[in-house]
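A.B. asks: Curious how this folds, go ahead:
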Amino acid sequence: MAAAVAQNGMEKISDEIVLQFLQFLPLDDILNVQRVSRRFSRICQDKTLWRHTGLKSCHALSDDLLKDIISHQAVNIQHLSLHGCHWLRSTSIEVLSRCVNLQTLDLSHCRVTTKCLSKILSATKELRRLAWDVEGGFRPSFLSQECKETLKKLKVLKQVYPFEVHQDLFGVLTFCPALEKIYLLGNVQLSHVACWTYNPLEEDQAAVSASNLKELVCYGFENSEVASSVFNLLTGSMKQGDPQPTLRSYCISGGPFVTYEKAVGSYAQAFEPFKTDLLQLDLSSGREGICSISDLEKTKNLQFLRLSYNFCLHSYDLMTASTVCQNLRVLNLMGCRYCFSCSERFDWDLSGLEAVAENCPHLHSLNLSGAHHCNSFGCPNVFPSDDLADTIAKMKGCCSFFSHITLHALL
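C.D. replies: Residues are numbered from 1 along each chain as shown. Model prediction:
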C-alpha cells in the first residue's frame, strides 16, 4: 500500500496539505488512512483531527479500537459522538473518563449503565452537552457527588427512552438546574404513568431553572403526563423566586406513528407562564388528537407553528390561530385532513386559510401536504382548486409551499 502511495506521488504533497484533506474525511475513513503508511499514521495523530470525534454508527469501531483511540487522543477530544454504537460494552465506554476536556458527549443508543455514566461525568468537568439512553436499570442513587457537580453545569440534555419502563425515569434531569435545552425522546408507549409522577425533590436534586430554559421537546410519548411533569419541575422553580421564564421553543408530540390522544388540560395550566414570549410551538399529534388552538391565547409573538397530523383541526380553528398569531412565519398543517372543512362530514371550507392569508402578512412557508379529506364513500370531495389558487395568491410573502395533494388538484 505504501508503495502505491509513493507511485501516485502522494509522498510529494506536504503534511500540511494532506492534513487539510483529512479534515474533510469522516473518522472511520481516517482510521483506514492511518494504516496506509507510517507517514500517514503520524499525520492522522494530529490533534486538530480529533477535536470533533464523530464515530456515529461506525461499524469498524470495536471495544479494543475505542480504547486505543482514547489512549492516544484523550486530551485532544472535545466533542465526541458514539451515537448508535450499541455493540460496545458499557465497561469499554468507561474509558471516556480519560477525556478530561470533553465538552459534548453523545451516547444515545449505546449501552450505558448508571455506574458507567457516573464514572465518565465525574472526570469530565467541562462537559456541557449530554445525550444518552435512559433504561430500566437507571438508579440515581448510584451517581457520585463529582458526577452531580458536572450535571449542575450542563446546558443541553437529550434523554432517549428506547424501551417500555415502569419506574421513576426523570433520569438525570432533576440534577441539572442550569439547562437551556431539554430533549426527551421516547420510542414506545409508557404504559405506567406513575413513573412520571412529580415528587418533591430530594436534598441533592434541583429544579430546572425556568429563567435559563429556551427549548423544550417531549416527543414520542403517549402520555401527556410526561410534559406535565416536566412543567411541574419548571413551575416549581418559578415558585422559588425565579425571574421571568425565557422558554422560546416548545414541542409536545406523540409522534406520527403513535395512536395518541393528547390531554391538553393536563399541561395547559403549567404551560401558562411560558406563553407570552414563545417563538416556536409544535403541537403535532399522532393518528388521533385534540386540537390545542384554545391553548394559543397570549402567544402573540409566535412565529413557527406546527400542528401536523391533527385530525381535529378544522377551518374555524385556523381562523382562531391566525387571529391570535399574526406574526407567523411558518405554518405546518401536514396531515391535517380536516383543516379545509367545518367538520369531518362537511364539504370544503377555505375560510380558515383565507383568514391566514389576511391576518398573517409575514407568512413565508406553508405546508399543506396531505391536507385533504374523504366523504362517506371514501373518495375525495370536489376540490375547490380555483378558490385555493386565489387564496394562496393573496399570500404575497409566501415563498415556500408544500402540498403534493393540492398541487395535483391545481394542475
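
A.B. asks: In contact with the closest residue to residue 34 other than its chain neighbours, which residues are there?
C.D. replies: Of all residues not flanking residue 34 in the chain, residue 44 sits nearest, at 3.7 Å (C-beta to C-beta, 6 or more residues apart in numbering). To be clear about C-beta, it is placed using only N, CA and C from the backbone, and glycine gets the same treatment. With contact set as C-beta atoms under 8 Å, 6 or more residues apart in numbering, residue 44 has these partners: 22, 30, 33, 34.

A.B. asks: Do I have it right that the first one meets residue 45?
C.D. replies: No: under the criterion of C-beta atoms under 8 Å, residue 22 lies out of contact with residue 45, with a separation of 10.8 Å.

A.B. asks: ok, these two, which is more surrounded?
C.D. replies: Of the pair residue 22 and residue 45, residue 22 is the one with more neighbours under other C-beta atoms under 10 Å, namely 19 against 13.

A.B. asks: How many residues are close by residue 17?
C.D. replies: Residues lying near residue 17 (other C-beta under 10 Å) number 9.

A.B. asks: which secondary structure element contains it?
C.D. replies: helix 15-22 (DSSP states H and E).

A.B. asks: Give me the contact list for whatever helix or strand comes next after that helix.
C.D. replies: For helix 15-22, the succeeding helix or strand toward the C-terminus, using DSSP H and E, is helix 27-33. Contact with helix 27-33 is made by 22, 25, 40, 44, 49, 53, 54, 55, 58, 60, 61, 65, as judged by C-beta under 8 Å, 6+ apart.

A.B. asks: switch to 10 Å and redo it
C.D. replies: 18, 21-23, 25, 40-41, 43-44, 49-50, 52-61, 65, 68-69, 81 (C-beta atoms under 10 Å, 6 or more residues apart in numbering).

A.B. asks: So which of those residues are in strands?
C.D. replies: 52, 53, 54, 81 (DSSP state E).

A.B. asks: Of these, keep whichever come out buried.
C.D. replies: 53, 81 (16 or more other C-beta atoms under 10 Å).

A.B. asks: returning to that earlier point: in terms of secondary structure, what does the helix holding residue 17 contact?
C.D. replies: When contacts are defined as 3 or more C-beta pairs under 10 Å, 6 or more residues apart in numbering; DSSP states H and E, helix 15-22 packs onto helix 27-33, helix 38-43.

A.B. asks: Please tell me how far residue 338 sits from residue 137.
C.D. replies: Using C-beta to C-beta, to the nearest Å, residue 338 is found at 44 Å from residue 137.

A.B. asks: for residue 91, same thing?
C.D. replies: 15 Å.

A.B. asks: And for residue 88?
C.D. replies: 17 Å.

A.B. asks: re the thing from before, now render the helices and strands packed on helix 15-22 as CSV, adding mean neighbour count.
C.D. replies: Output for these, formatted as CSV (neighbours: other C-beta atoms under 10 Å):
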stretch, mean neighbour count
helix 27-33, 16
helix 38-43, 15
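
A.B. asks: JSON lines please, covering those and showing distance to residue 354.
C.D. replies: JSON lines is the format used below for the helices and strands packed on helix 15-22 (distance: least, C-beta to C-beta, whole Å):
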{"stretch": "helix 27-33", "distance to residue 354": "53"}
{"stretch": "helix 38-43", "distance to residue 354": "63"}
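
A.B. asks: Please dump these into TSV; it should also carry mean pLDDT for every row.
C.D. replies: Output for these, formatted as TSV (pLDDT from 0 to 100):
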stretch	mean pLDDT
helix 27-33	81
helix 38-43	86
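
A.B. asks: so which of these comes closest to residue 178?
C.D. replies: Closest approach to residue 178 among the helices and strands packed on helix 15-22 (C-beta to C-beta): helix 27-33, 30.3 Å.

A.B. asks: Send me the closest one as PDB with only the CA atoms.
C.D. replies: Written as PDB, here are the backbone C-alpha positions of helix 27-33 (Å, rounded to 0.1, in the frame of the first residue of the first chain):
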ATOM      1  CA  LEU A  27     -13.200   9.500  11.200                       C
ATOM      2  CA  ASP A  28     -13.900   5.900  10.200                       C
ATOM      3  CA  ASP A  29     -12.100   6.700   6.900                       C
ATOM      4  CA  ILE A  30      -9.200   8.300   8.800                       C
ATOM      5  CA  LEU A  31      -8.900   5.100  10.800                       C
ATOM      6  CA  ASN A  32      -8.300   3.300   7.500                       C
ATOM      7  CA  VAL A  33      -6.000   6.000   6.100                       C
END
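
A.B. asks: can you pull the buried residues of the helix holding residue 17?
C.D. replies: Buried residues in helix 15-22 (16+ other C-beta under 10 Å): 18, 22.

A.B. asks: which outside residues touch that helix?
C.D. replies: 10-11, 13-14, 29-30, 33-34, 39-40, 42-44, 46, 48-49.

A.B. asks: Relative to residue 327, which of those residues is nearest.
C.D. replies: residue 48 (43.3 Å).

A.B. asks: What distance do you get for that closest one to residue 30?
C.D. replies: The separation that residue 48 has from residue 30, given C-beta to C-beta, amounts to 12 Å.

A.B. asks: Residues that sit against both of these two, list them.
C.D. replies: 22, 23.

A.B. asks: Let me know whether my guess that residue 141 is in a helix holds.
C.D. replies: Yes: looking at residue 141 with DSSP: H, G, I helix; E, B strand; the rest coil, it is inside a helix.

A.B. asks: So for it, what's the pLDDT?
C.D. replies: As predicted, residue 141 sits at a pLDDT of 86.

A.B. asks: The protein: helices as residue ranges?
C.D. replies: 2-7, 15-22, 27-33, 38-43, 63-73, 90-93, 114-123, 145-151, 225-239, 265-271, 315-324, 351-359, 385-393, 404-410 (DSSP state H).

A.B. asks: Go through the ones you listed and find the least confident stretch.
C.D. replies: helix 404-410 (a mean of 42).

A.B. asks: Distance-wise, check residue 183 relative to residue 171.
C.D. replies: As judged by C-beta to C-beta, residue 183 and residue 171 stand 12 Å apart.

A.B. asks: and what of residue 118?
C.D. replies: The value you get for residue 118 to residue 171, if C-beta to C-beta is used, is 13 Å.

A.B. asks: Neighbour count for the two, which is higher?
C.D. replies: Remark: of residue 118 and residue 171, residue 118 carries more neighbours, 24 against 21, as counted by other C-beta under 10 Å.
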